[in-house]
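*Asks:* mind looking at a prediction? Sequence and model below.
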Amino acid sequence: MQLIGTDKVGFWTLDKHGSLSLQKLSDAHDVISWTTVDENLTQKHLKSDQFTILFPWRDNFECIKSGFFEDLRNHLEVIVNPLHIKKFSQIYSGNDKDLKKLFRFMFDRKNDVNFLFTESGHKHICFNHINFFWDNIFLNDNWKGCKFYFFDMKYMSDPRLIKWISQRDDKWTDVSFPEHENRSDDDKVKQQCIDILKELVEELGEDYINYENYQNWKNFEYYYEFSKTLFNSIKKSKYFLDIEEL
C-alpha cells in the first residue's frame, strides 16, 4: 500500500478508490509525493498522532463494476471460467468483430459461463487492503497514533476537502485536483462494450445475465449487504469526514 500526500496529511491509495486522481494530483504538485507503507513508515507516520490519513470510500459494487469493465476491455481471459477457455478461444480471436459474438456466449445464462466473480482480475473488494485500520484503530479505544478518516469519494476534488486539509498542513493551500480527461481510448472501448450489452439485453431477454444486479455475482451478495451496513455505521462514527458539514 502507499500514501500520497505530505508529512502531515496523506491519502491511503487503493485501486478503484480514486488512485488515478491521486496520481494526477502528485504529478501536478511538487509538494505531494508517494510513500510506500513499509515497516519504517509504520513507525514514523502511522503511529504518530501528528499524522492524518484520508481514505476515499467508494461503493463496493461500483468498484467491482469498474474492475469488470477494465477486464472486459483489456483482460478478457481472466473473467472466463477455465472450463470454457477452449470455447472462448474458438469464439474470440482478439478481433473487434468477434466481441459481440463472445459477449453473446458469455452473457447467455444457458451457457453457464459463471464469470461474475470478485477477487479475480481487477474486480476487488477493499476491506482486506485496509487491515491497518481494522486491526489497530477501529476497535481500539486506546489508539494513540494517526488520525484516520473515511470520506465519500465523490467529494475527492471538492475545494472544501482541500481547505480542511490545508488547516492541518499549509503545504496543501495551493493544491487542487487536475481536471479529468472526459474522453480516452479506454472510454471508447468501454462504451463499445456497453452498447453491445444493451443490444444483448433485448436479444437474450430473460436469459441475459445482468452484471448490474449484484445478486448475479456468485460470491458477492452477502458481502455487499454487510459492506453497506458497515459503511453506514462508519458514517455515524468519529472516523467519517462529512464534506457537506465542513
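*Replies:* Right, received. Where do you want to start? Residues are numbered from 1 along each chain as shown.
*Asks:* pLDDT weak spots in this protein?
*Replies:* Within the chain, the segments meeting pLDDT under 70 span 1, 37-43, 77-78, 80-90, 92-96, 128, 179-186.
*Asks:* how about the strands of it, start to end?
*Replies:* 2-5, 9-12, 33-36, 52-57, 147-152 (DSSP state E).
*Asks:* would CSV of those strands with mean neighbour count and distance to Lys101 be doable?
*Replies:* (Each C-beta comes from the backbone N, C-alpha and C, glycine too.) Output for those, formatted as CSV (neighbours: other CB atoms under 10 Å; distance: least, CB to CB, whole Å):
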stretch, mean neighbour count, distance to Lys101
strand 2-5, 22, 40
strand 9-12, 24, 42
strand 33-36, 13, 42
strand 52-57, 22, 38
strand 147-152, 20, 40
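*Asks:* quick one: residues contacting the nearest residue to Asp71 once chain neighbours are set aside.
*Replies:* Excluding the flanking residues, the one nearest Asp71 by CB to CB, 6 or more residues apart in numbering is Gly121, at 4.1 Å. By CB atoms under 8 Å, 6 or more residues apart in numbering, the residues touching Gly121 are Gly67, Glu70, Asp71, His75, Val78, Ile79.
*Asks:* so the last one is in contact with Glu119, correct?
*Replies:* Going back to what we said before, that points to Ile79. No - using CB atoms under 8 Å, Ile79 is not in contact with Glu119, being 11.8 Å away.
*Asks:* which of these two has more residues huddled nearby?
*Replies:* Ile79 (20 against 12; other CB atoms under 10 Å).
*Asks:* got the contact list for that one?
*Replies:* Phe68, Asp71, Leu72, Phe115, Phe117, Ser120, Gly121, Lys123.
*Asks:* just the helices from the chain, written as ranges.
*Replies:* For the chain, applying DSSP state H gives helices covering 19-28, 39-41, 60-74, 85-91, 99-106, 131-133, 159-166, 185-204, 221-234.
*Asks:* what's the closest of the ones you listed to Leu246?
*Replies:* helix 159-166 (4.6 Å; CB to CB).
*Asks:* report all helices and strands that the closest one contacts.
*Replies:* Applying 3 or more CB pairs under 8 Å, 6 or more residues apart in numbering; DSSP states H and E, we find helix 159-166 packed against no helix or strand.
*Asks:* the strands of the chain: which one's closest to Tyr208?
*Replies:* Nearest to Tyr208 among the strands of the chain is strand 52-57 (30.9 Å), distances taken as CB to CB.
*Asks:* quick one: distance of that closest one to the chain centre.
*Replies:* The chain centre lies 13 Å from the centre of strand 52-57; the measure is CA atoms, centre = their mean, to the nearest Å.
*Asks:* what's the answer for stretch 238-246, then?
*Replies:* 20 Å.
*Asks:* quick check: end-to-end length of that stretch?
*Replies:* Start and end residues of stretch 238-246 are separated by 14 Å (CA to CA, to the nearest Å).
*Asks:* next, the buried residues of that stretch.
*Replies:* For stretch 238-246, the neighbour count (16 or more other CB atoms under 10 Å) marks Tyr239, Phe240, Leu241 as buried.
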